[in-house]
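Enquirer: Okay, here's the prediction I keep looking at, along with the sequence it came from:
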Amino acid sequence: MNFQIAVLLGQDGITNGAIYALLALSIVLVFTVTRVLLIPQGEFVAYGALTMAAIQAGQPSAVAWLVTLLFAASAAVDVALLLMRSERAVPLRWMFAGKLVYPLLMLLAVYKLPLATMAMPLQIALTLALLVPLGPLLYRLVFQPIADAPALVLLIVSIALHVSMVGVGLLVFGPGGASTTPLVDAIIEVGGVRIKAQTLCVIAVALLLIGALYLMFGRTLYGKALRAAAMNRMGARLMGISPVFAGKATFSLAALIGAMSGVLIAPMTTIYYDSGFIISLKGFIGSIIGGLVSYPIAAIGAVVVGLIEAFSAFYASTYKEIIVFTLIIPVLLWLSLTSKHVEDEE
Amino acid sequence: MPSKPLKSHKSLTALAIFAAIATFAAPVLAQVKIGVVTSSTGPTALVGISQKNTVPLLPTKIGDLTVEYISRDDASDSTNSVTEIKKLISESNIDALIGPSGSPNAMGVIQFIADAGVPMLAPVGTAAVVLPMTEPKKWVFKTTQNDDIIAKALIGQMVKMKVKTLGVIALNDPYGENWVKVVGELAAKNDIKIVATERFLRTDTSVTAQSLKVLAAAPDAVLIAAAGGPTVLPQTTLFDQGYKGQIFQTHGAALPDFLRLGGKKVEGTILAASLMLVLPEIADSNPSKKMAIDYIAAYEKLNGSKPATFGANVYDAGLLLQKAIPIAAQKAKPGTKEFRAALRDALEQTKELVATQGVYTMTAADHSGFDDRGRELITVRDGNWKLLK
């Protein structure tokens, strides 16, 4: 191995690591606030990449119909609950209007806009607008009714949701893979080393998102409320923080981060409807390294996963995946030996 | 895709009556039952969908016998393949089986179909379903070209291009593994040195490290042994890293998706595959040309899209049965153990059967039956498949 190869491998590892770090962060976020281990996080990535690809190909993405369907389902649940009077009537009128208007807007956008010739930022914005509502909608329909169930039940439901989202992905996007045009298509030469501008772009966006999350949690009221819900759910509820709001907000963030990761990774590789799982699994290792609580350690862990992946693929490509996933064993050993077990569930 | 709405209730009623008559009338006629198991959903769906869509094109009347096809989806899952096939054997009492779509799935069901004595026509890639020939594999016939026929063509082309060193990037699965083995043997015989053998996974989002390793070994040519969409990523990565040598692909790349995903970066690739990809350029004297044109036209009329070569593998299975069933019918009645055994023997006796992919001549030792007429050297030029000249 010479210097140039090391730099290229490092570049590859850090790029993938940045994506894993984003996913690790959202997995930690969702877990701490709602106790749900978000296995379908990877599906948001695949959906993001494939929706972006569909938009660039100028095809009206069937995701719009999925969003419509979910909005309709959530509206139906609201009506049913209202009729049963088991839930206090929320200001339904404007919420209902929103639930009707938003999917209509999306359908209009998908069928009427000149998708393929739109500017790239608009394409990204549309992708995110289509996918981010999936987060709160899925929380509303799947997790909110069982929010107080034991963590194991939440995990099993989460796995079920992952499996069905892969199936829906096949239905919506088809079996063929897709990749998109790079956000920036340039190569920067620094001292004989070729660095792809796309790589820098990925790292920049990842850092930006991490910074934004940091600011949000540290400085804004909503961020602080989420943090409170994460630390002590009961206490937060006593302070007037709605656990439903916290759940929906974290799921929106998770969907946003997932879809954005998909948009970032799509130009560098081919994404299939079922590609998300293995990507989020590596983010998951990162979040395990952070003990499912620490954001910075999870992010660093995820980057380490990316680097180990790149270098082990170079030295022993046959055993790459084994090496990456074996990494979790010493970490778990270390965590179980050092962690103080605290039960603060109820 | 929404199906066309029926014009009126009248036609619906007519259809129902017809269906009822067909159901009641069927047992009166002598009938052959063929099970078809494809992966029309799941990771192998890219292969399975064109196979499932080909089923309506299979012959429904062979000699005096009517043929019923019972189509099942195994969702690309090996366990499902076994369950579906066991059900087809025990509940539907099938006389022969076409499928399953995936190589691992086919490997998993061999013992069951051999135990039940049902001939299986497997439209799968790996040669391992028929080689080495064992007692259970006597019931298996394979309707695709064996890897070594394709590999011989590729190695022949490498020798012609004076390739001395070769790098291999293979999928880390049975398909890639078999290719590494076959190419290793053939390359050694032809004085081609394999300087790097790298593996990658279908799910990998980056093959940068592997292609860097290959690049560092600086081979004259690189062979990518993968199937379906994953064929593209190693090649585009090599392109981006500035590799200037010749890149070879296996018949696993023979998909429209390869051109769609690869774009300009796969120009000049050389692969060997069935003549279906370059039909207009094939000489009319080639006996398979007419068969392939007819198949593609019929498929397009039915489904509104062009079939992948994988669909033709199922179509060929139908042609093989069309020839073998009348011979077997002289010996025994359909639905009996004797008929199935006779069908197996008849399939094994197939000689010079012209099909869409080439010409089949089966023997007791060769249950794939293709010779050099089953493949062409093909290259990518201006975003299209072209015959290599």
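Expert: Perfect, thanks for sending it. Numbering: from 1, shown residues only, chains lettered A, B, ... in the order given.

Enquirer: and the closest residue to B:A116 other than its chain neighbours, how many neighbours?
Expert: With sequence-adjacent residues excluded and distances taken as Cβ to Cβ, 6 or more residues apart in numbering or on different chains, B:A116 is closest to B:I89, at 4.7 Å. Backbone N, C-alpha and C define where each C-beta goes, glycine included. Other residues within reach of B:I89, judged by other Cβ atoms under 10 Å in any protein chain shown, total 19.

Enquirer: Next up, the contacts around the closest residue to A:A225 other than its chain neighbours.
Expert: The shortest distance from A:A225 to any non-neighbouring residue, by Cβ to Cβ, 6+ apart, is to A:I241 (4.7 Å). Taking Cβ atoms under 8 Å, 6 or more residues apart in numbering or on different chains as the criterion, A:I241 is in contact with A:225, A:228-229.

Enquirer: again with B:E198
Expert: The contact partners of B:E198, by Cβ under 8 Å, 6+ apart, come to A:317, B:167-170, B:210-211, B:213-214.

Enquirer: ranking these by neighbours, who comes first?
Expert: Neighbour counts for these peak at B:S211, which has 30 neighbours (criterion: other Cβ under 10 Å).

Enquirer: Tell me which helix or strand it sits in.
Expert: According to DSSP states H and E, B:S211 maps onto helix B:208-217.

Enquirer: now do B:A196
Expert: Of the helices and strands defined by DSSP H and E, B:A196 is found in strand B:193-200.

Enquirer: list the buried ones in that strand?
Expert: Along strand B:193-200, the positions that meet the burial threshold by neighbour count (16 or more other Cβ atoms under 10 Å in any protein chain shown) are B:194-200.

Enquirer: Relative to the whole chain's centre, how far out is it?
Expert: Remark: strand B:193-200 is offset 26 Å from the chain centroid, using Cα atoms, centre = their mean, to the nearest Å.

Enquirer: May I have the strands that pair with that strand, each with its orientation?
Expert: For strand B:193-200, sheet partners with direction are given as strand B:165-171 (parallel), following DSSP bridges.

Enquirer: and the strand it pairs with, what's its mean pLDDT?
Expert: Looking at strand B:165-171 alone, the average pLDDT works out to 93.

Enquirer: now swap in stretch A:275-292 and tell me
Expert: Averaged across stretch A:275-292, the pLDDT comes to 89.

Enquirer: Return it as PDB; C-alpha atoms alone will do.
Expert: Listed next in PDB are the C-alpha coordinates belonging to stretch A:275-292 (Å, rounded to 0.1, in the frame of the first residue of the first chain):
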ATOM      1  CA  SER A 275     -30.400  -1.900   0.000                       C
ATOM      2  CA  GLY A 276     -31.300   0.100   3.100                       C
ATOM      3  CA  PHE A 277     -31.100  -2.600   5.700                       C
ATOM      4  CA  ILE A 278     -27.300  -3.300   5.400                       C
ATOM      5  CA  ILE A 279     -26.500   0.400   5.400                       C
ATOM      6  CA  SER A 280     -28.600   1.100   8.500                       C
ATOM      7  CA  LEU A 281     -27.100  -2.000  10.200                       C
ATOM      8  CA  LYS A 282     -23.700  -0.300   9.900                       C
ATOM      9  CA  GLY A 283     -25.100   2.900  11.400                       C
ATOM     10  CA  PHE A 284     -26.600   0.700  14.100                       C
ATOM     11  CA  ILE A 285     -23.100  -0.700  15.000                       C
ATOM     12  CA  GLY A 286     -22.000   2.900  15.300                       C
ATOM     13  CA  SER A 287     -24.900   3.700  17.700                       C
ATOM     14  CA  ILE A 288     -24.100   0.500  19.700                       C
ATOM     15  CA  ILE A 289     -20.500   1.800  20.000                       C
ATOM     16  CA  GLY A 290     -22.100   4.900  21.500                       C
ATOM     17  CA  GLY A 291     -24.100   2.700  23.900                       C
ATOM     18  CA  LEU A 292     -27.300   3.900  22.200                       C
END
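
Enquirer: so, in contact with chain B or not, it?
Expert: Yes: with Cβ under 8 Å from any Cβ of the partner chain as the measure, stretch A:275-292 is seen reaching chain B through A:275, A:277-279.

Enquirer: If any of those are buried, give me the PyMOL selection for them.
Expert: Entered in PyMOL, the line below selects the buried ones among those, by 16+ other Cβ under 10 Å:
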select buried, chain A and resi 275+277+279
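
Enquirer: now the residues of stretch A:275-292 next to chain B as CSV including secondary structure?
Expert: Output for the residues of stretch A:275-292 next to chain B, formatted as CSV (DSSP: H, G, I helix; E, B strand; the rest coil):
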residue, secondary structure
A:S275, coil
A:F277, helix
A:I278, helix
A:I279, helix
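
Enquirer: Now distance to B:A221 too, for the residues of stretch A:275-292 next to chain B, in CSV please.
Expert: Supplementary listing: the residues of stretch A:275-292 next to chain B in CSV, determined by distance: Cβ to Cβ, whole Å:
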residue, distance to B:A221
A:S275, 29
A:F277, 34
A:I278, 30
A:I279, 32
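
Enquirer: Does the helix or strand harbouring A:I265 pack against any helices or strands, and if so which?
Expert: With elements taken from DSSP H and E, the one containing A:I265 is helix A:243-265. With contacts defined as 3 or more Cβ pairs under 8 Å, 6 or more residues apart in numbering or on different chains; DSSP states H and E, helix A:243-265 has these neighbours: helix A:3-34, helix A:41-56, helix A:120-131, helix A:134-138, helix A:197-219, helix A:221-231, helix A:233-238, helix A:276-289.

Enquirer: just how off-centre is that helix within its chain?
Expert: Counting by Cα atoms, centre = their mean, helix A:243-265 is centred 5 Å from the centre of its parent chain.
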